[in-house]
Structures are given as C-alpha cells and as structure tokens.
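Undergrad: model this:
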Amino acid sequence: MKLIVIEGLDGSGKATQTAILAKRLTEMGVPVKTVSFPDYEKPWSCLVRMYLDGQFGSRPEDVSAYAASSFFAMDRFASYRTGWQRDYEAGTVILCDRYVGSNALHQSVKLPREEWDAYLDWLFDFEYHKLGLPEPTATVYLKMHPDTSKNLLIQRYGGDERKKDIHEKNLSYLLSCHDAAGYVAQKCGWRVVECCDGQNLLSREEVAQKVAAALSDLF
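TA: Prediction:
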C-alpha cells in the first residue's frame, strides 16, 4: 500500500503536480486515486470552511493550533472512512494534495518554537494513531518562497482580495509557515523539490521531473 502526499504553501502548484503525477503513474499501469484536502464539497468540512472564512476570528492565530488542527483532521478522517479507505487497502496508490503535514506547517507557527516538537508529537499521534489515518509512504514538499506564492495567488484570484481565506491574506503568516515547513520537512524526512531557480519560477514540466525523480525509488 502506498500513500504519496504533495505538500507546499498556498499557490505552490500542489494540485497541478498531483494531477501530473497521477497521469504519469496511470500511463505506467499503476492504479491511482487522487484526493485533495480540505474536501470543501463535503458537509464534514464545515468547520474548516468556517475557520478559513474568518467566522472564528479574522486572523489565523485567533484559533489555537490544536482547535484548528482538529477541524482539518476530522475532514481527513471522514474522507478516508467514506471515500478512499477501501481503495487504499486494495493496493491502489493514493495521491494526496495536502495531508497531515499541512496541519504541521500551518498550525505549529501559532506556538512558540520551543513548543513545536510537543505539538508535532501530539498531531501525529492524534491523526495517525487516535484517528487511525494511514501514514504517508512519502511526502514531497514543493518549496517556494512566499513572495512567489503571493504573486501566484494574485493571478489565481484576479487581484480580488475578498476571495482569499485568512491564511492567504496574511503574508507574515505565510512567511512563518515557510520557516515551519523547512523545520517539519527536515524532522519528518520529506522529499524537498525546489520550485524556483533563484528568482525564476520553474515550469510545471521542470517541477514534475523533479517530483518524479524524488519518488523514483518507489515506482
């Protein structure tokens, strides 16, 4: 059984690279199912949507790391138990656009740095052991500077700030998440893919080649 996760900051191209990787594996004859988190279309994501819409507070830090983490964790639990558990257990490769690691890099920054390890221990125990979610076979982190992510998000929303969630609106928060991601990636052994060459954003094809190389030992 294999569970491959694509992580990264908002605007880093996770959905694009997940789709490209799924197509590549399908062409290789590998059975694949893609899932994306949060699962906004399902009713169980209501707390996630309320949080990101700012209904619990207009700033990310208005909701504690532990409370916010539970919203996203239960979204994953419901998705797994009602959607892809059977496929995963049958041997289908599951490709995740975001997973438990997104809690790690987005929520740890709400805590003092000296509390990060305790939070991560709690998070992984909660999601993988208490909730019974499968642990990833590998996690690929698409490393992109927040300034580049910000510019891509502007293009995505056509400059309409109202369409951004409380994470996307807050550049200082995204900068902190970038620092946390580096820490989590090293601690958890994520496979880091550089999406920029200096100041220049690599093409999706170039990034896809790097993603494939990062996972070459698995397929």
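
Undergrad: Just give the nearest non-adjacent residue to the most centrally placed residue in the chain, would you?
TA: Centrality entry for the chain: nearest residue to the mean C-alpha point is Arg98, 2.7 Å, by Cα atoms, centre = their mean. Leaving aside its chain neighbours, Arg98 sits nearest to Phe37 (4.3 Å; criterion: Cβ to Cβ, 6 or more residues apart in numbering). The C-beta positions use only the backbone N, C-alpha and C, and glycine is treated the same way.

Undergrad: Check Thr26 too.
TA: Val32 (5.6 Å).

Undergrad: what are the phi and psi angles of that neighbour?
TA: Dihedral pair for Val32: phi -130, psi 140, per degrees, to the nearest 10.

Undergrad: Tell me the helix or strand right after the helix or strand hosting Thr18.
TA: Using DSSP states H and E, Thr18 sits in helix 14-27. Downstream of helix 14-27, the next assigned helix or strand under DSSP H and E is strand 32-36.

Undergrad: can you count the residues close to the residue nearest to Thr26?
TA: 19 (other Cβ atoms under 10 Å).

Undergrad: Check Leu52 too.
TA: By other Cβ under 10 Å, neighbour count at Leu52 equals 21.

Undergrad: Tell me the spacing between it and Met144.
TA: 20 Å (Cβ to Cβ, to the nearest Å).

Undergrad: same thing with Tyr99?
TA: 18 Å.

Undergrad: Need phi/psi at Ser216.
TA: phi -60, psi -20.

Undergrad: Let's see the pLDDT reported for the closest residue in space to Arg49 that isn't next to it in sequence.
TA: Leaving aside its sequence neighbours, Arg49 sits nearest to Tyr40 (Cβ to Cβ, 6+ apart; 6.4 Å). With respect to pLDDT, Tyr40 scores 93.
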